[in-house]
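In: pasting a predicted model and its sequence here:
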Amino acid sequence: MSWRRGSLHGVIVLAAGAGLYGASYDGSAPKELPEVHCRRTPRNLSIINKCHALRQYFEPPVWLSNKHLQSLLYVIATATSWVHWAQVDTVGTADGGTIKLFWKEPPDVDDSRPTVLLLHGLTGCSRNMGPHIPKLQEAGFRVVGMDRRGHAQSLSSPKFSVFGDGYDVQAAVAEVHRQVPKSQIALLGLCAGSASLLHYTILEHEAVKRGKRTPNPVTACVAIS
């Protein structure tokens, strides 16, 4: 009797696994190359041509072919990631709000390596960007994460948005530039972080048109939806 019960349990587990696989498998999903939207200038095209990953098809394992399952796995991976930060700074904003900057290594005013400022996704924090940090460091970037106000910290002002705010990004950029003045800065916004990044670029563009913006240390912005 126990043998039959064990066999029945095995059949149930196999059936459940087959059902999950069948629900997640998406064999009809077409292979697609990443799309890049930019001005087709010689400089931009030169940069794009150096990014070999843009000419490679994304081919997930068979068991991970479903896009929704991919998103779920990414959420789990980022939520459980752990990052050791060498320095954490609390930065005040003009309206009394606070944001936080997380430095993967202590800043050095004489260091001219480029810096990438990470803008995390919806309801997340800088720790969730952990899976992206090793590759950025391998490429020679200093890595700094920015926690938006109200994310992994208490609010110090009534102003709040889960998508962030371009003015807060301006405050973060100013502080990073103050601590590493010789470094060029790149912004990398992921998911909802792209919204605050795009708002930042609009604010900077408007300031330039009004003639009220000094040379900007930010030389590149990347928004990943």
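Out: Good, I have the coordinates. Numbering: from 1, shown residues only.

In: just the pLDDT at the residue nearest to residue 150 when sequence neighbours are not counted, thanks.
Out: Once flanking residues are discounted, residue 150 sits nearest to residue 160: 4.9 Å by Cβ to Cβ, 6 or more residues apart in numbering. Glycine gets a C-beta too; all of them are placed from N, C-alpha and C. Looking at residue 160, its pLDDT stands at 79.

In: OK, contacts around residue 101?
Out: Contacts for residue 101 were tallied using Cβ atoms under 8 Å, 6 or more residues apart in numbering; they are 88-89, 91, 144-147, 172, 175-176.

In: quick one: which of those residues is most hemmed in?
Out: If you count neighbours using other Cβ atoms under 10 Å, the busiest of these is residue 146, which has 29 neighbours.

In: pretty sure it sits in a helix.
Out: No - assignment of residue 146 by DSSP: H, G, I helix; E, B strand; the rest coil gives strand, placing it outside any helix.

In: how near is the residue nearest to the spatial centre of the chain to residue 35?
Out: In the chain, the residue lying closest to the centroid (Cα atoms, centre = their mean) is residue 190, at 3.4 Å. Plainly put, residue 190 is 17 Å away from residue 35 if you go by Cβ to Cβ, to the nearest Å.

In: how about residue 59?
Out: In terms of Cβ to Cβ, residue 59 sits 17 Å off from residue 35.

In: same thing with residue 48?
Out: As judged by Cβ to Cβ, residue 48 and residue 35 stand 11 Å apart.

In: and those two? Which one has more around it.
Out: Using other Cβ under 10 Å as the criterion, residue 48 and residue 35 rank with residue 48 on top: 13 against 6.

In: what's the helix or strand encompassing the more buried one packed up against?
Out: Using DSSP states H and E, residue 48 maps to helix 42-49. Applying 3 or more Cβ pairs under 8 Å, 6 or more residues apart in numbering; DSSP states H and E, one finds that helix 42-49 contacts no other helix or strand.
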